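J.: predicted structure and sequence below. I'll ask about it afterward.
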Amino acid sequence: MEADGKRHIIHGSRTDEFTIWNIADIHWMSRACAEGKVKEDIQRIADDPYSFWMGGGDYCEFIGHTDRRFDPDSVAPWVSVKDLGNLGKAGMEAIRDMFRPIRHKCLGLIIGNHEKQYELKKEHDGLHGWLCAELEVRNLEYCALFDLAFSRRGKVKNPKLVQGAPSKINGGGSMVFRIFGHHGAGYAQTPGGKLNKLIQFMQSFEADIYFAGHVHDRVGRREPTIGANAACDKLEAHERLGIISGSYLKTYAQGVTTYGEQRGYRPVSLGASWVRIKPHTRAMAAEV
């Protein structure tokens, strides 16, 4: 697990509202990957100056020809035989090129179980680290906590992400949100089972916002708590917000028999989930 410090988003107005995306479970190179939806969401982030994002892992399918799960019919038609001979390099280069236009908006990249298992089985340690270095973004490993500070400054037209402490210029102060990110875990197929893992994260780690993935569903959860002020003479309510991000891997796709179809899994809602934040009021809302 990583305690990964603080990032600042420098912005200009107390009325600003931000969207923090969790792009996870893309499974690029799979024939069942909703490639158009991936590109659409990346373009939305690129076009919106108030959108920022983190990566939630499982960016590539990474099931090669020596893997017992390998099915040639499930490989994207554009993947060459040469690519299969060097799957890690081909996959990560494709993801690097895909994320490059929005790397300046990235809060960090989590590694998923597909990348992790490929690194272990192929003795290719550092593949995820290479991707982070190429994009010049933070490596969050499998699980991380970090602070996201929204720092208001007077003459800022478009928000800007700054790693570490920003330069000291006059402004309206900062509002800090602690974020917990995990690729996700478990094999639950029911809505309640998937939600239980998110609740477990929210009960185990101290944060304001929780991002998870892995179970290929879009779920949001609020956890209210009651406390008191510093003098303990007034009750205060606090809320934590958690989301499970959706997948870009179709359970059922035309012309291919997927692993999910063979297992009888439910169809999934495609695309990312995100959180909307109004820093000045600390208002948070999940978009699933």
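T.: Received it, and whenever you're ready, just let me know what you need.
J.: do a quick rundown of the strands in this structure.
T.: For the chain, applying DSSP state E gives strands covering 2-11, 18-23, 51-55, 106-110, 139-141, 143-153, 160-163, 171-182, 209-212, 219-228, 235-244, 273-278, 283-287.
J.: how much space between the residue lying farthest from the centre of the chain and Phe99?
T.: For the chain, the largest distance from the centre (CA atoms, centre = their mean) belongs to Asp233, which lies 39.2 Å off. As judged by CB to CB, to the nearest Å, Asp233 and Phe99 stand 49 Å apart. Yep, even glycine has a C-beta here, placed from its N, CA and C like the rest.
J.: before we move on, what about Ser245?
T.: 16 Å.
J.: now the stretch 101-250 of the chain, which segments are flagged as low pLDDT?
T.: Scanning the stretch 101-250 of the chain for pLDDT under 70 picks out 165-172.
J.: at 90 instead, please
T.: 121-125, 153-157, 163-174, 186-194, 216 (pLDDT under 90).
J.: look up the closest residue to Met284, ignoring the ones flanking it.
T.: Leaving out its chain neighbours, the residue that sits closest to Met284 by CB to CB, 6 or more residues apart in numbering is Leu241, at 4.7 Å.
J.: what's around the one you found, how many residues?
T.: By other CB atoms under 10 Å, 21 other residues sit near Leu241.
J.: now the one 3 residues further on
T.: Residue crowding around Ile244 was assessed by other CB under 10 Å; the count is 30.
J.: quickly list what it is bridged to.
T.: Beta-bridge partners for Ile244, by DSSP bridges, are Ala212, Val219.
J.: quick check: it touching Leu198?
T.: Yes: contact criterion CB atoms under 8 Å: Ile244 and Leu198 qualify, at 5.5 Å.
J.: what residues are shared contacts of those two?
T.: Residues touching both Ile244 and Leu198 (CB atoms under 8 Å, 6 or more residues apart in numbering) are Ala212, Val219.
J.: what about the closest residue to Trp28 other than its chain neighbours, distance to Asp83?
T.: Using CB to CB, 6+ apart and skipping residues adjacent in sequence, the residue nearest Trp28 is Cys60, 4.9 Å away. To Asp83, Cys60 is 11 Å away according to CB to CB.
J.: same check, this time on Gly192
T.: For Gly192 relative to Asp83 (CB to CB), the value is 39 Å.
J.: higher neighbour count, the two?
T.: Using other CB under 10 Å as the criterion, Gly192 and Asp83 rank with Asp83 on top: 18 against 8.
J.: what sits against the more buried one?
T.: Met29, Ala90.
J.: quick one: it from Glu206, how far?
T.: 43 Å.
J.: what do you get for Asn139?
T.: 22 Å.
J.: same question, Lys116
T.: Going from Lys116 to Glu206 by CB to CB gives 25 Å.
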